[in-house]
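Undergrad: Sequence and predicted structure, then a few things I'm wondering about:
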Amino acid sequence: MLRGICLFLPFVVLGGQLHSELTGVLDDCFCDVESIDVFNNFKLYPRIKRLTEKDYFRYYRVNLKRPCPFWAEDAHCAIKDCHVEPCPESKIPVGIKSGNYNKYSHAANTNSDVTECEQAKELGAINSTLSNQSKQAFADWARHDDAQDYFCELDDETSPDSEYVDLLLNPERFTGYKGPSAWRVWNSIYEENCFKPRSVYRPLNPLAPSRGDDDGEVFYKWLEGLCLEKRVFYRLISGLHSSINIHLCAEFLLDEGWGRSVWGPNVQEFRQRFDTAETKGEGTRRLKNLYFLYLIELRALYKVAPYFERAFVNLYTGNQQEDGATKELLLQVFNEIKAFPMHFDEKSMFAGHKIEAKMLKEEFRLHFKNISRIMDCVGCSKCRVWGKLQTQGLGTALKILFSEKEIQNLPEHSPSKGFQLTRQEIVALLNGFARLSTSIQQLHSFRLLLKDNR
């Protein structure tokens, strides 16, 4: 069993109403949903929301023209709300678009070019003694070594097809994108990448053969028979799916009259996805997995705090006053996270025989990386942006959790060669967690709406 993890049933729908109910604790974990709700909604959510509104975090660079690598793409969504408006270069802070965000501070960006030139000469002299074949081999080795750290297929930020998207002007919401095209994406994620045999069907899968009154007993018996790591993998994906569904229910297209779209919470849509009766009990499991994912990413932020707490690390945009305020707000977020007493214990994962654990970890990484590639098959551009960001955020969290030694050995006053985060990873990590935080806050809003409708 997984020590230090709370797997609880956060909400049970009784008679169509949503009631808070704690139903159980695992091992010696004393976490409960009420404590997490209070911590998130009153302490963390307000700060994380303000943080993601800062310039450093609001601009996300993404390539929306990458073709789907797994099947012939369906036509892109023609609904106007699926469209993403890329940000003009003139609106991007100079420190971000110039590429200086890969450095640590303004001081680091103003070092003399002489040293760099001397280093370039030295490297050039060394490389000139190598054959082209050897150079290519070294380049391949470097790419392979770098790839071991990544749980996601990263967009090439230097590609001419990559564009900056202002996340505040392109919020995640229900655009009308649904049906077979959307089902196909999620079906591929669950059926081909969650360690599941084809003979075992997920409950309520719209693309699975009719199973009569199957209540998922076969599926959950199979799931509980998996090793810890594979069960965790499924719950992470289910939690991400649940979080996205909550966002879509909370920001639903309610009306398009008079040329102006009206967005707001759709209680019926929420019931359809999470009501116990309508989902044959699946809704409560989905919500449980959302809270599980929240704890996983919260733990990753706790672990990576020392990386950002070093004085020379600066979230650089070129605006010194704004950058200082952003760093201060980020440190406040970390301080709140450190005070949370019920963190996930990742040491139970990949803790078996060394060789077997290493192979399982690599399999885990490759499966998740494949899921990140499936995001290029999403037909709605806005959904694709947020799908890419949230999968990259989770991938970055996993990278952090499995880099504990490297983070512990970070030099205090200089950059590390062992553990690094790109700006793209940092933006995805914080925005991805902010989406989970928002989901838990929106669950509270739906509880109130359901109570009023009683």
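TA: Right, received. Where do you want to start? Numbering: from 1, shown residues only.

Undergrad: just checking, residue 372 touches residue 394?
TA: No - using Cβ atoms under 8 Å as the test, residue 372 is too far from residue 394 to be in contact (9.0 Å). C-beta: built from backbone N, CA, C; applies to glycine.

Undergrad: shared neighbours of these two, which are they?
TA: Any residue near both residue 372 and residue 394 by Cβ atoms under 8 Å, 6 or more residues apart in numbering counts here, and that gives residue 151.

Undergrad: and those two? which has more neighbours close in?
TA: Shown here are residue 372 and residue 394; by other Cβ atoms under 10 Å, residue 394 has more neighbours (28 against 20).

Undergrad: I am assuming that one contacts residue 294, so please confirm or correct that.
TA: No - with contacts counted by Cβ under 8 Å, residue 394 stays clear of residue 294, the gap being 11.2 Å.

Undergrad: can you give me the helices in the stretch 301-450 of the chain?
TA: 320-339, 354-374, 381-401, 404-408, 423-452 (DSSP state H, counting those that start in this stretch).

Undergrad: Give me the buried positions along the first one.
TA: This points to helix 320-339. Within helix 320-339, the residues scored as buried using 16 or more other Cβ atoms under 10 Å are 322, 323, 326, 327, 329, 330, 333, 334, 336, 337.

Undergrad: try the last one
TA: Of the residues in helix 423-452, those buried by neighbour count under the rule 16+ other Cβ under 10 Å are 423-443, 446-447, 450.

Undergrad: For burial, what's the neighbour tally of the residue lying closest to residue 175 once chain neighbours are set aside?
TA: Closest residue in space to residue 175, ignoring its immediate chain neighbours: residue 81 at 4.0 Å, by Cβ to Cβ, 6 or more residues apart in numbering. Using other Cβ under 10 Å, the number of residues around residue 81 comes to 16.

Undergrad: and the gap between residue 81 and residue 267?
TA: Applying Cβ to Cβ, to the nearest Å, the value for residue 81 to residue 267 is 21 Å.

Undergrad: Check residue 449 too.
TA: 5 Å.

Undergrad: do residue 201 as well
TA: Distance from residue 201 to residue 267, by Cβ to Cβ: 29 Å.

Undergrad: Which one's more surrounded, these two?
TA: Remark: of residue 201 and residue 267, residue 201 carries more neighbours, 20 against 16, as counted by other Cβ under 10 Å.

Undergrad: And that one, how far from residue 220?
TA: Distance from residue 201 to residue 220, counting by Cβ to Cβ: 12 Å.

Undergrad: my hunch is that residue 60 is in a helix, does that hold up?
TA: No - under the criterion used here (DSSP: H, G, I helix; E, B strand; the rest coil), residue 60 is strand, not part of a helix.

Undergrad: and it, how many residues sit next to it?
TA: 23.

Undergrad: now residue 414
TA: The burial count for residue 414: 11, using other Cβ under 10 Å.

Undergrad: try the one 5 residues further on
TA: Taking other Cβ under 10 Å as the criterion, the count of residues near residue 419 is 19.

Undergrad: can you pull the contacts of it?
TA: Residue 419 neighbours (Cβ under 8 Å, 6+ apart): 307, 403, 406, 407, 410.

Undergrad: now those: which count as buried?
TA: Neighbour counting with 16+ other Cβ under 10 Å marks 307, 403, 406, 407, 410 as buried within the contacts of residue 419.
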